[in-house]
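>>> Return a 3D structure for these sequence lines:
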Amino acid sequence: VQLQAFGGGLVQAGGSLRLSCAASGRTFSSSAMGWFRQAPGKQRELVAAITSGGTTNYADSVKGRFTISRDNAKNTVYLQMNSLKPEDTAVYYCAASSGGWNTRYEYWGQGTLVTVSS
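Sure, this is the predicted structure:
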């Protein structure tokens, strides 16, 4: 599976962005997909994940603001980010797991930078 993430950019606090991650390969529909982020000087963290069946999971810090979704016909996973805060600033990565959403992610995209200004 090859992944390409895009949609990052600069947005003011309170604004919205939608990230997309296009996947190649025939295993997309059977893979759990996750969005991770890494801010400068911080560890990478799982922001949101979606199972092959569509069950979603979110970090507490983004619950109610971010929505992950997938379109298996387009081999694409999305992250809709609303009510953005400066602390959401990070490089966002999409990843795919052949196991569950909370297991190891084998495939990673290149990352897209999200900057939220105050």
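
>>> Going by C-alpha atoms from here, please, whenever you check contacts or count neighbours.
OK.

>>> all strands for the protein, in order.
Under the criterion DSSP state E, the chain contains strands at 2-6, 9-12, 17-24, 32-38, 45-50, 56-58, 66-71, 76-81, 90-97, 107-108, 112-117.

>>> could those be laid out in CSV, adding mean pLDDT?
Output for the strands of the chain, formatted as CSV (pLDDT from 0 to 100):
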stretch, mean pLDDT
strand 2-6, 94
strand 9-12, 98
strand 17-24, 96
strand 32-38, 97
strand 45-50, 98
strand 56-58, 97
strand 66-71, 98
strand 76-81, 98
strand 90-97, 97
strand 107-108, 95
strand 112-117, 98
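
>>> Can I get the ones you listed in JSON lines including mean neighbour count?
Formatted as JSON lines, the strands of the chain follow (neighbours: other C-alpha atoms under 10 Å):
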{"stretch": "strand 2-6", "mean neighbour count": "20"}
{"stretch": "strand 9-12", "mean neighbour count": "15"}
{"stretch": "strand 17-24", "mean neighbour count": "20"}
{"stretch": "strand 32-38", "mean neighbour count": "25"}
{"stretch": "strand 45-50", "mean neighbour count": "22"}
{"stretch": "strand 56-58", "mean neighbour count": "18"}
{"stretch": "strand 66-71", "mean neighbour count": "20"}
{"stretch": "strand 76-81", "mean neighbour count": "21"}
{"stretch": "strand 90-97", "mean neighbour count": "26"}
{"stretch": "strand 107-108", "mean neighbour count": "18"}
{"stretch": "strand 112-117", "mean neighbour count": "20"}
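
>>> Chain neighbours aside, what residue packs nearest to N82?
S16 (4.4 Å; C-alpha to C-alpha, 6 or more residues apart in numbering).

>>> Retrieve the pLDDT associated with that neighbour.
Listed pLDDT for S16 reads 98.

>>> What is the burial count for the closest residue to F28 other than its chain neighbours?
Using C-alpha to C-alpha, 6+ apart and skipping the chain neighbours, the partner closest in space to F28 is N75 (6.2 Å). Number of residues near N75 (other C-alpha atoms under 10 Å) recorded here: 17.
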